[in-house]
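In: Need a 3D model of the sequence below.
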Amino acid sequence: MAVSSPPVISATSSGAGVPGGLFRAEPLYSTPGEPPRLTPHMINSFMANNHSGSSGVGGVGSGGGGGGNTNTNECRMVDMHGVKVASFLMDGQELICLPQVFDLFLKHLVGGLHTVYTKLKRLDISPVVCTVEQVRILRGLGAIQPGVNRCKLITRKDFETLFTDCTNAR
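Out: Predicted coordinates for the structure are as follows:
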């Protein structure tokens, strides 16, 4: 019985029957030179598509949240060092998303998020844990990665303290 050898396909062949050839000329995924930023169009689109039924003051996710005037699910985009970051107003304090500001401002200054938590402990800064709804809002805005299911918030003042500590540590 004769055994036939497998067909030879060269890297430059058009790959008859294979659309686009055997290899792609362009990469499937590309990494941008700069991290993507949230644009007002992206935020407005998210608000219109996902939270059209909410009755609020114009922030994302302003429905629900318990009694009183404080609504912990109202997310606003605030300017920090020239970049828009997600924030929530809780008990009269503006709290910003720690993983987002880490990614934008701190990751090139420290070893990792674990180092940031160590610094927070040393600086006596206690972050606030996000609710499930706040995490969903942050994920929807792109402030945190899609697979993240936990997040912490810190005040703007605490971030400035942390940022100063990270820049002076170098």
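
In: Where do the strands of this protein begin and end?
Out: For the chain, the strands defined by DSSP state E occupy 75-80, 83-90, 93-97, 128-129, 152-155.

In: what's the closest of those to residue 104?
Out: Proximity of the strands of the chain to residue 104 was assessed by C-beta to C-beta; the nearest stretch is strand 83-90, lying at 5.6 Å. For every residue, glycine as well, the C-beta is placed using N, CA and C.

In: still on that earlier bit, can you redo the strands of the chain as JSON lines with mean pLDDT and mean neighbour count?
Out: Output for the strands of the chain, formatted as JSON lines (pLDDT from 0 to 100; neighbours: other C-beta atoms under 10 Å):
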{"stretch": "strand 75-80", "mean pLDDT": "93", "mean neighbour count": "16"}
{"stretch": "strand 83-90", "mean pLDDT": "94", "mean neighbour count": "21"}
{"stretch": "strand 93-97", "mean pLDDT": "95", "mean neighbour count": "20"}
{"stretch": "strand 128-129", "mean pLDDT": "95", "mean neighbour count": "14"}
{"stretch": "strand 152-155", "mean pLDDT": "96", "mean neighbour count": "20"}
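
In: For residue 167, find the nearest of the ones you listed.
Out: Of all these, strand 75-80 sits nearest to residue 167, with 14.6 Å by C-beta to C-beta.

In: What helices and strands are in contact with the closest one?
Out: strand 83-90, strand 93-97, helix 132-141, helix 156-168 (3 or more C-beta pairs under 8 Å, 6 or more residues apart in numbering; DSSP states H and E).

In: hmm, who's touching the longest one?
Out: In other words, helix 156-168. The contact list for helix 156-168 (C-beta atoms under 8 Å, 6 or more residues apart in numbering) reads 78, 80, 87, 94, 96, 101, 105-106, 109-110, 116, 119-120, 123, 125, 127, 154.

In: same thing but 10 Å
Out: 78, 80-81, 85, 87, 93-96, 98, 101-102, 105-110, 115-116, 119-120, 122-127, 153-155 (C-beta atoms under 10 Å, 6 or more residues apart in numbering).

In: do the shortest one as well
Out: Residues outside strand 93-97 that contact it (C-beta under 10 Å, 6+ apart) are 70, 72, 75-76, 78, 80, 85-89, 103-104, 127-128, 130, 134-135, 137-138, 141, 143-144, 151-159.

In: for stretch 119-129, same thing?
Out: Outside stretch 119-129, the residues within contact range by C-beta under 10 Å, 6+ apart are 72, 88, 90-91, 93, 95, 98, 106, 110, 116-117, 134-135, 150-155, 157-159, 161-162, 164-166, 169.

In: Turn the buried ones among those residues into a named ChimeraX selection, would you?
Out: Selection command for ChimeraX covering only the buried members of the contacts of stretch 119-129, criterion 16 or more other C-beta atoms under 10 Å:
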select :72,88,90,93,95,98,106,110,116,134,135,151,152,153,154,155,158,159,161,162,165,166
